[in-house]
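>>> Next one to model:
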Amino acid sequence: MSDYRRVGAGPRIFVLILLVLVLFLGGLLWFDYLGIVNVKSTLQPIVQPLLSLIGVRPQTAPAPSSSPFLLDSARFQKQQEALGLQEQALQKQEQALTDKTAKLDQQAAALQEREAKLADQEKSFNEKVKQYDNRRANLIQNSKYLTSMAPAQAVAILVKYDDQLLIDTLRVTEQLAQQSGQTSLVPYWLSLFPPDRAAEIQTKMAMKPSQ
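Sure thing, here's the model as predicted:
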């Protein structure tokens, strides 16, 4: 007790202040460990001027070699690249479908044009057949009308026909006579024709036989 009383008040106060500082720093380090307070960033403005007075420069913290966001960033970049490749593939498929559709449209247009052409040809053929049937029906009716006349009267009408109509009428008359099993009046009609006209008609009928 005598030794403690001999120590002055000044040293005891210094020891108490030092103890308080040690406890304060220990508490800060504990809070830093718990993650409640960042001691370095908190004390940096206070400690740095003191360190600069004695020539100590602040240490720069090394850049972190890795970040929790780097993996996400790399993963996101790979996903973007994969999406880009997928988009390119879809664009190629779309272009291929567009080309195929255009080709099919061309083929469909060509087919429609061909069908229209065939329809026109069929219509034209039917009209020709109809005209032929009508003409043949008229020739048959005319032949029956002529055969019912006296030969001289029939020849007087026939001699006025042009060569093609005359030939067609004579041929139809022969066909009708063959179908009915009767004798054709064509040879007798031609015998009543002027000799030159009869010879010319017979020559044309021989050169172009009936179909």
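>>> rest of the way, CA atoms for contacts and neighbours
Will do.
>>> Any stretches of this protein with poor pLDDT?
The model of the chain has pLDDT under 70 over residues 1-8, 28-29, 32, 35, 37-69, 208-211.
>>> Show me which residues of stretch 136-153 are buried.
Residues of stretch 136-153 classed as buried by neighbour count (16 or more other Cα atoms under 10 Å): 139-140, 143, 146, 151.
>>> what packs against the lengthiest helix in the chain?
The residue-count maximum for a helix in the chain (DSSP state H) belongs to helix 68-147. Counting contacts by 3 or more Cα pairs under 8 Å, 6 or more residues apart in numbering; DSSP states H and E, helix 68-147 packs against helix 163-180.
>>> Which other helices and strands does the helix it packs on contact?
In terms of contacts (3+ Cα pairs under 8 Å, 6+ apart), helix 163-180 is packed against helix 68-147, helix 186-192, helix 195-207.
>>> residues making contact with it?
139-140, 142-144, 158-159, 183-186, 201, 205, 210 (Cα atoms under 8 Å, 6 or more residues apart in numbering).
>>> returning to what we had before: now render the buried residues of stretch 136-153 as TSV, adding distance to residue 103.
Below are the buried residues of stretch 136-153 laid out as TSV (distance: Cα to Cα, whole Å):
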residue	distance to residue 103
139	53
140	54
143	59
146	63
151	70
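>>> the domain parsing of this protein - what is it?
As recorded under automatic domain parsing, the domains making up the chain are 2-53, 139-207.
>>> Output these as TSV; include the columns distance to residue 90.
Below are those laid out as TSV (distance: least, Cα to Cα, whole Å):
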stretch	distance to residue 90
domain 2-53	50
domain 139-207	72
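>>> Return the most buried member of the ones you listed.
Mean neighbours per residue, mean count of other Cα atoms under 10 Å, is largest over these for domain 139-207, with a mean of 15.
>>> First-to-last residue distance for that domain?
Taking Cα to Cα, to the nearest Å, the first and last residues of domain 139-207 lie 21 Å apart.
>>> Could you do stretch 146-155 as well?
Rule used - Cα to Cα; the end-to-end distance of stretch 146-155 is 9 Å.
>>> Please state the offset of it from the chain centre?
Relative to its parent chain, stretch 146-155 has a centroid offset of 73 Å by Cα atoms, centre = their mean, to the nearest Å.
>>> what's that stretch in contact with?
Residues from elsewhere that reach stretch 146-155 (Cα under 8 Å, 6+ apart): 185, 188-189, 192-193.
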